[in-house]
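Chemist: Below are the sequence and a predicted model; questions follow.
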Amino acid sequence: SVKQAGRNGIAFFDPEMEARVRQRHALQLALAQAIDGGGLQLYLQPQVDARGHTVGAEALLRWPQPGGRFVSPAEFIPLAEESGLILPLGAWVLEHTATLLARWQTEPALARLRLAVNVSPRQFREADFVDRVAEVLRRHRLPAQHLELEITESVFLGDLEEARRTLQRLKALGVTLALDDFGTGYSSLSYLAELPFDVIKIDQHFVARLPQRRRADLAIVSTIIALGRKLGTTVLAEGVETAEQAEYLVTHGCHLLQGYHFGRPMPIESFERGLGAA
Ligand code: C2E
Ligand code: MG
Ligand code: MG
Ligand code: MG
């Protein structure tokens, strides 16, 4: 086939590939506009204790489209990471969660709740990330421990020492640190023991398979819980969809639960109303 140089000097051999590249580019442009133009929303999903009482929420991004459809964050977060849009996007999420937390401080039904925010690896590695978090805490006068930062193990793939220093500086600010999607990454046990995480979140894949009661999955889940407890870390299970899963987890000492069984991600007002806030 004849090599045709595209507009950017990129050669496309395959029209399907070219179409995909154009589509990604269009999606990136639309996302950039959504970040600037108020086109994004935060949904909240409750996190509950062993008695089912809500102790906090995870903020999850939603990108509504005309016609009521949503583009899933699983689709646009990787795209945002690739293009660098994750930096303004992450800043937007941090600012909005801080504003929300500040408002909760004046509302008795909400003032004790923690609010968890997902931090992407690229955002975490930015040289000024810790300073930005510190600035946001100061400006909104937040009780730092109420802001929880969720970080995945992939941040340790690069410079582990650098990641450790960043975590320690965040810890020194007083924020709560959670290790997200635990069990899906790499040599995780040493991270758990050495790094200053307050919460570990057992990945939903392990939880989803609990009803089948395969010995391997039960062993993994109960071992993560036991390990977390021994290390003095709060253990949260993600993706809890059934009463049976919840019961198994609580019986084995899991502190906190999150999943459709307790509540789907929902608009902020629905979450607040559910807790009897005005
Ligand atoms: P995550 O942080 O592990 O979030 C948990 C995901 O599981 C969410 O998907 C949530 O809606 C879903 N989930 C919760 N309960 C259940 C359940 O019972 N069953 C099942 N099957 N799923 C459940 P979502 O909202 O689509 O987000 C996907 C991922 O996108 C998140 O995974 C997170 O990595 C990323 N993400 C979402 N919001 C943000 C954000 O503001 N910033 C960054 N950097 N990443 C985000
Ligand atoms: Mg998360
Ligand atoms: Mg997770
Ligand atoms: Mg995930």
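Modeler: Perfect, thanks for sending it. Ligands and ions are numbered 1, 2, ... in the order given.
Chemist: what ranges do the strands span in the protein?
Modeler: Secondary structure of the chain (DSSP state E): strands located at 4-5, 11-12, 41-49, 54-64, 70-71, 114-118, 147-152, 176-182, 199-202, 234-237, 256-257, 266-267.
Chemist: Mind putting those strands into TSV with mean neighbour count, distance to Leu87 and mean pLDDT?
Modeler: C-beta here means a position set from N, CA and C on the backbone, and glycine is covered the same way. Shown next, in TSV, are the strands of the chain (neighbours: other C-beta atoms under 10 Å; distance: least, C-beta to C-beta, whole Å; pLDDT from 0 to 100):
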stretch	mean neighbour count	distance to Leu87	mean pLDDT
strand 4-5	10	31	54
strand 11-12	14	29	64
strand 41-49	20	18	98
strand 54-64	20	14	97
strand 70-71	15	19	90
strand 114-118	22	14	98
strand 147-152	22	16	97
strand 176-182	23	19	95
strand 199-202	26	24	96
strand 234-237	25	27	98
strand 256-257	23	30	98
strand 266-267	15	26	98
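Chemist: Output these in CSV; the columns should cover distance to ligand 1.
Modeler: Shown next, in CSV, are the strands of the chain (distance: least, C-beta to the nearest ligand atom, whole Å):
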stretch, distance to ligand 1
strand 4-5, 35
strand 11-12, 30
strand 41-49, 6
strand 54-64, 4
strand 70-71, 9
strand 114-118, 4
strand 147-152, 6
strand 176-182, 5
strand 199-202, 7
strand 234-237, 10
strand 256-257, 10
strand 266-267, 10
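Chemist: among those strands, which is nearest ligand 3?
Modeler: Comparison of those against ligand 3 by C-beta to the ion identifies strand 176-182 as nearest, at 4.3 Å.
Chemist: quick one: pLDDT of the nearest residue in space to Asp217 that is not next to it in sequence?
Modeler: Nearest residue to Asp217, sequence neighbours excluded (C-beta to C-beta, 6 or more residues apart in numbering): Arg209, at 4.5 Å. At Arg209, the model reports a pLDDT of 84.
Chemist: what's around Arg209, how many residues?
Modeler: Using other C-beta atoms under 10 Å, Arg209 has 16 other residues around it.
Chemist: re the thing from before, now distance to Ala163 too, for the strands of the chain, in a markdown table please.
Modeler: Converted to a markdown table, these look like this (distance: least, C-beta to C-beta, whole Å):
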| stretch | distance to Ala163 |
| --- | --- |
| strand 4-5 | 40 |
| strand 11-12 | 37 |
| strand 41-49 | 25 |
| strand 54-64 | 22 |
| strand 70-71 | 29 |
| strand 114-118 | 16 |
| strand 147-152 | 9 |
| strand 176-182 | 12 |
| strand 199-202 | 16 |
| strand 234-237 | 21 |
| strand 256-257 | 24 |
| strand 266-267 | 33 |
